[in-house]
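J.: What follows is a predicted protein model with its sequence.
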Protein chains: 2
Amino acid sequence: MDDQLSRVFAALADPTRRDMVARLTEGDATVGDLAAPYAVSIQAVSKHLKVLEEAGLVTRSRDAQRRPVHLEAEVFDLMTKWIERYRQRAEERFQRLDEVLAQMNDAKDATDTTPMEGTAS
Amino acid sequence: MDDQLSRVFAALADPTRRDMVARLTEGDATVGDLAAPYAVSIQAVSKHLKVLEEAGLVTRSRDAQRRPVHLEAEVFDLMTKWIERYRQRAEERFQRLDEVLAQMNDAKDATDTTPMEGTAS
DNA sequence: TTTCTCCTCAACCGAATGGTTGAAAAGAGA
DNA sequence: TCTCTTTTCAACCATTCGGTTGAGGAGAAA
């Protein structure tokens, strides 16, 4: 796992980390704040934050001993771009498939009016 | 990792699997077809496909010994929904922050015309 | 039936992941 | 200074992950 897109997807594959991101949309928070709702040690939360930081999803500043965590929403665009690109491609293909099926139906309708006896499957 | 959203993110965290998904937008393919471009064993590719299947990203049918793989693009919506929900929230917050900053600026501009001496921070 | 092709299952391996506990760095405050 | 709070670092552990090789199942084809 070397590229950023992989790191972002991997970071969000964990429910705890997704919840942290969700909560950070409401505003910056300290490690302690973020850790409070979870039944894990603060060290574990610190590790999760490191993963989010390495993915570029959050940044941390400094306030005395505290390390406020800030969400970097721009990284979401990376994912959205990837997803939309291929979703679009897939949908275009379905579109073409629909057209082919429609054409096949038209052709069938046309022959239905002048059925070729003895050649039906 | 139990919920589908986690499985989808985890599945796409691997570059090889993302590439497979990308190629499947061009049309269904067999395991052998999919494996061809990669420098790994076919068994490894088979494992990747299992991960994609368990995430609901692909389905497999049957054609003699072959197992054609088909992309299920609807699952993309799961991710897009999650991402857009929180991106929107984050953007709304930035919006509010911008407004607050603008207001502060307005207030500052107003007081600048009638400066309050001795009370400046 | 025997053989060949396509694919999966099973067992194994090294590296990474998500958790723990204990120690310590960095500051604020007594 | 000593203490308290916040956070990270280090070492460890169990589990998962991505890969391997070897065996075998399911069909087509000889």
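T.: Yep, that arrived.
J.: all contacts plus neighbour counts: C-alpha atoms, from now on.
T.: Fine.
J.: all strands for chain A, in order.
T.: A:58-60, A:69-71 (DSSP state E).
J.: for the first one, packing partners?
T.: With contacts defined as 3 or more Cα pairs under 8 Å, 6 or more residues apart in numbering or on different chains; DSSP states H and E, the packing partners of strand A:58-60 are helix A:42-54, strand A:69-71.
J.: That strand pairs with which strands, parallel or anti?
T.: Applying DSSP bridges, strand A:58-60 is found paired with strand A:69-71 (antiparallel).
J.: what pLDDT, on average, does the partner strand get?
T.: Here strand A:69-71 scores 97 as its mean pLDDT.
J.: and if you look at stretch A:40-51?
T.: Here the average pLDDT along stretch A:40-51 is 98.
J.: Just checking it against chain B, any contact.
T.: No - figure legend: stretch A:40-51 not in contact with chain B (Cα under 8 Å from any Cα of the partner chain); closest approach 13.3 Å.
J.: centroid residue for chain A?
T.: Centroid-nearest residue in chain A: A:M79, 5.6 Å away (criterion: Cα atoms, centre = their mean).
J.: Low-confidence ranges, chain A, go.
T.: Scanning chain A for pLDDT under 70 picks out A:1, A:97-99, A:101-102, A:104-121.
J.: Please produce CSV containing the helices and strands packed on strand A:58-60, extended by mean neighbour count and distance to B:V75.
T.: Formatted as CSV, those follow (neighbours: other Cα atoms under 10 Å in any protein chain shown; distance: least, Cα to Cα, whole Å):
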stretch, mean neighbour count, distance to B:V75
helix A:42-54, 17, 24
strand A:69-71, 21, 26
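J.: on that earlier part again, quick check: the residue nearest to the centre of chain A touching A:L5?
T.: Yes - with contact defined as Cα atoms under 8 Å, A:M79 reaches A:L5; the gap is 6.9 Å.
J.: Relative to DNA strand D, how far out is A:L52?
T.: 11 Å (Cα to the nearest atom of the strand, to the nearest Å).
J.: ok, now A:W82?
T.: A:W82 is 18 Å from DNA strand D, by Cα to the nearest atom of the strand.
J.: neighbours of that residue, just the number please.
T.: Neighbourhood size, A:W82 [other Cα atoms under 10 Å in any protein chain shown]: 13.
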